[in-house]
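Undergrad: I would like the atomic coordinates for the input below:
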Amino acid sequence: MAAARRRRFDMVIVWRLDRFGRSLRHIVTALDELQARGITFVSLNEGIDLSTPAGKLQLHILAALAEFERERIKERIHAGLTRARAQGKRLGRRPRIHPLSAGQDLIADLSVSGAEVARRLGVAKETVNRIRRQLRDQQSPSAERHTIAP
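TA: Numbering: from 1, shown residues only. The predicted structure follows:
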């Protein structure tokens with residue numbers, strides 16, 4: 001849009017309308033701005049050419065349908081994630097280092113720096129630091145911490 005404001009081109013050509021904007025409001029606002037600057041908009045996949053009244057009508061209908069479909073997909077994703085959590089499935093990436101792996105000994109060896117351990121195992125330094133914190137917390141639970149009585 002910055003290039004459009006500088007009038008660096010006469011036409012915007014997109015492959016699909018849903019790649020141009022994420023919501024109907026965003027698409028309409030952007031297209032109004034392009035039109036005000038005299039820039040033509042064409043969507044190849046939908047065959048929309050905004051230089052014609054029929055193209056403008058088609059754009060509004062397709063943009064509304066695209067937004068509806070995006071919202072439906074979002075609902076299905078959230079429902080699937082909720083179902084997976086309810087079934088006790090672990091979401092997210094699998095850990096690069098398994099807690100019982102041979103790398104655990106290297107991580108537990110505090111004489112080797114976290115950066116060196118990370119380099120040897122091919123993981124991020126924060127991964128090593130996180131596992132070291134977990135090991136430290138397992139070895140000295142908060143209930144067993146010693147406090148000095150007043």
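Undergrad: Poorly predicted segments of this protein, please.
TA: 95-102, 140-150 (pLDDT under 70).
Undergrad: what are the ranges of the helices in the chain?
TA: With DSSP state H as the criterion, the chain has helices at 2-5, 24-36, 53-86, 103-108, 114-121, 125-139.
Undergrad: Please point out which parts of the shortest one sit buried.
TA: So that's helix 2-5. Neighbour counts over helix 2-5 (16 or more other C-beta atoms under 10 Å) mark Ala4 as buried. C-beta coordinates here come from the backbone N, C-alpha and C atoms, glycine included.
Undergrad: Can you tell me what sits against that helix?
TA: 9, 12, 33-34, 37, 39 (C-beta atoms under 8 Å, 6 or more residues apart in numbering).
Undergrad: tell me the phi and psi of the residue minimising distance to the centre of the chain?
TA: By C-alpha atoms, centre = their mean, the chain has its centre lying nearest to Gly92, at 12.4 Å. Note on Gly92: its backbone torsions stand at phi 100, psi -180 [degrees, to the nearest 10].
Undergrad: want to throw the contacts of helix 2-5 into CSV with distance to Leu24 and neighbour count?
TA: CSV is the format used below for the contacts of helix 2-5 (distance: C-beta to C-beta, whole Å; neighbours: other C-beta atoms under 10 Å):
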residue, distance to Leu24, neighbour count
Phe9, 24, 11
Val12, 17, 18
Glu33, 15, 13
Leu34, 16, 18
Arg37, 21, 13
Ile39, 20, 19
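Undergrad: Spell out which residues make up each domain of this protein.
TA: What automatic domain parsing lists as the domains of the chain is 2-86, 103-141.
Undergrad: Gly114 versus Ile61, what's the distance?
TA: 57 Å (C-beta to C-beta, to the nearest Å).
Undergrad: Looking at these two, which one has more neighbours?
TA: Higher neighbour count among Ile61 and Gly114: Gly114, with 17 against 12, using other C-beta atoms under 10 Å.
Undergrad: For that one, give me its contacts.
TA: 125, 128-129, 132.
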